[in-house]
Structure formats: C-alpha cells, structure tokens
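> Sequence isn't available, so here's the structure alone:
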C-alpha cells in the first residue's frame, strides 16, 4: 500500500522568501505525482502534475521535481506572497488511484 | 476545461435521514469517478471508485450499504449517505478522470453536518 509523507506539517515564512515543500512516497511504481493547493473549507486546486517519465514541471513561480528512484518530490514556490498561504497536498498516482499526504500548511507573513 | 461540480456545497441533516450528493463532470466525459472524505485537519481518504454502468469498488473499512454510489452516466455520479449519524459529518470531495493520463479533476466539495 502506498504511503505518502509530507514534511514539514506546517511552515511559516516572511513574504518574499522561497518555499520548499517535501513529499516522499514508499512505492516508486507510480504513474504520476500531483501537487494540490487547498484553502480552508474549500476543494482542491491542481497545481502541477508530473508524469512518471518526467523529472520536473514548472508553472510560473512553482516548480516541482520528481525522483522516482528515491521516492521523493519537492515543490518550490519562489518569492512567496501572502496569497500563497494555504495547505499544499501531494498525491502519488499508482494504477489509477491517488494516495494523499497529510499536507503542509503554509503561512506567508506580510 | 476539466470542470467538476458538486451539489450541494453544504448540507445539514438530522440523524437517521439520508443525504444525496451529486458529482458532475461539466465539460468532459469521465471514465472513472472517485469519492473522498476529509476530516478536519486531515488529508483526503479515498472511499470508493466507480466506473459508469458498473458497481463501485469500495476501500477497506468503508461500508458499502451506508455509502451508496451510483454512476449512471459518464458525467454524473451520486453518493448517498444512508441513515446518517453525527460521525458521518465530514467534507466529501469527488473527482473525475479520463483514461490517460489518469489526472484527476476535483470538485469543490460538500460539507455534511449531521445533527
């Protein structure tokens, strides 16, 4: 069974600092790795999807890397803004299911 | 594109009653739909997976007679919480995917409160 771990559970940074969020998974036989953002009481917003054959994906200030062999993915958010405050979830896709981590709650202080 | 809607967005019901939640893919046909629940400050837990026209596959520990899933078309799946109890209060989120690349598109969620 796939186990996904996210460290740290919470992170508080001043505005402008770069964010590094870590995700690890136990079974490297994944189809893809997705990063989501969730605001309090809301659904999920997909940020980045990395296929198993890819090493990274970029969208604006966001960059996500994937190292299947070591079972790790990292989400980088450059020049953080207060609007980036949210919970970030990673999910490993194996077969057609997603296994979610518990998330990292980010607070960006103005 | 790839928009998934849920209805209702929130619902309050009395203990012992049943509640139906709809999940629709608005601009694509979904091969598979998924139902998750999320308790406060916890991650999403997959409850069941359903394909159009066939029975849902439930995850271990999920009562299939309590959480009825119907997947009548490629754009609509429903989750019915039968004989709801306060412990069923949670945030229910659905998602829909197409065969490749298996990316899941998530609905906005339904907050269920059972009093």
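Cool, the structure landed. Everything numeric here is computed off the predicted structure, so don't read it as measured data. Residues are numbered from 1 along each chain as shown, chains lettered A, B, ... in the order given.

> Flag every residue of chain B that's near chain A.
B:6, B:32, B:34, B:42-46, B:49, B:91, B:93, B:95, B:97, B:101-109, B:111 (C-beta under 8 Å from any C-beta of the partner chain). For the C-beta atoms, the positions are set from N, CA and C on the backbone; glycine is no exception.

> and if we set it to 7 Å?
Residues of chain B lying close to chain A (C-beta under 7 Å from any C-beta of the partner chain) are B:32, B:42-44, B:46, B:49, B:93, B:97, B:101-104, B:106-109.

> Go through these and say which is closest to residue B:73.
For the residues of chain B next to chain A, the residue nearest residue B:73 by C-beta to C-beta is residue B:32; the value is 13.0 Å.

> and that closest one, what are its bridge partners?
Applying DSSP bridges to residue B:32 gives these bridge partners: residue B:51, residue B:97.

> Neighbours of it, how many?
By other C-beta atoms under 10 Å in any protein chain shown, 21 other residues sit near residue B:32.

> re earlier: counting neighbours, which of the residues of chain B next to chain A end up buried?
B:32, B:43-44, B:46, B:49, B:93, B:97, B:102-104, B:106-109 (16 or more other C-beta atoms under 10 Å in any protein chain shown).

> Please name whichever of those residues scores lowest on pLDDT.
Among those, residue B:102 has the lowest pLDDT, at 69.

> can you give me the strands for the chain?
Picking chain A for this. A:4-7, A:10-14, A:19-25, A:32-38, A:44-51, A:56-59, A:62-67, A:72-77, A:86-94, A:97-100, A:104-109 (DSSP state E).

> hmm, I had chain B in mind actually
B:4-7, B:10-13, B:19-25, B:32-38, B:44-51, B:57-58, B:67-73, B:76-81, B:90-97, B:104-106, B:110-114.

> Let me know which of those strands is the nearest to residue A:4.
Using C-beta to C-beta, the strands of chain B put strand B:44-51 closest to residue A:4, at 10.7 Å.

> what's the spacing between that closest one and its chain's center?
Remark: strand B:44-51 is offset 7 Å from the chain centroid, using C-alpha atoms, centre = their mean, to the nearest Å.

> Quick check: residues of chain A near chain B?
Counting by C-beta under 7 Å from any C-beta, chain A comes close to chain B at A:31-32, A:42-44, A:49, A:51, A:89, A:93, A:96-98, A:100-103.

> Out of those, who's the most crowded?
Counting by other C-beta under 10 Å, top hit in the residues of chain A next to chain B: residue A:98 with 29 neighbours.

> Which residue, neighbours along the chain excluded, lies closest to it?
residue A:91 (4.2 Å; C-beta to C-beta, 6 or more residues apart in numbering or on different chains).
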